[in-house]
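Peer 1: Give the three-dimensional model of this entry:
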Amino acid sequence: MERVEKPKNKAIQPPIAMRLTDEQIAKYQQIYLDTFGEPVSREDALIQGMALLRLVKTLANPMANRDYKENENDKEISTVNC
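Peer 2: This next block holds a predicted model:
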């Protein structure tokens, strides 16, 4: 069986599910313009949109059962003063 090599730089080739269409990029640019009152380049919109997708993916992934059990036993609760 032939071994398939993975791309070395994932930022250049995101997984298919993590790609933005031209329509999604244009929508992001419009939302950015409406929100901040200034345009964003297509390149910056793509970079920011991909970062947003990675953040949502990270937050949406449920914690592994093992990690949950470890955190459940933690006695100390840390808070951040805003």
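Peer 1: Return the helix or strand in this structure with minimum mean pLDDT.
Peer 2: In the chain, no helix or strand scores lower on mean pLDDT, DSSP states H and E than helix 65-72, which sits at a mean of 61.
Peer 1: Report how many residues lie close to I47.
Peer 2: Look at I47: counted by other C-beta atoms under 10 Å, it has 13 neighbours. For the C-beta atoms, the positions are set from N, CA and C on the backbone; glycine is no exception.
Peer 1: Give me the pLDDT for it.
Peer 2: Note on I47: pLDDT of 95.
Peer 1: Run through who's touching whichever strand or helix holds it.
Peer 2: If you go by DSSP states H and E, I47 is part of helix 42-60. The contact list for helix 42-60, computed with C-beta atoms under 8 Å, 6 or more residues apart in numbering, reads 14, 18, 20, 24-25, 28-29, 32, 40.
Peer 1: can you do 10 Å?
Peer 2: Contacts with helix 42-60, where a contact means C-beta atoms under 10 Å, 6 or more residues apart in numbering, come from 11, 14-15, 17-20, 22, 24-32, 39-41.
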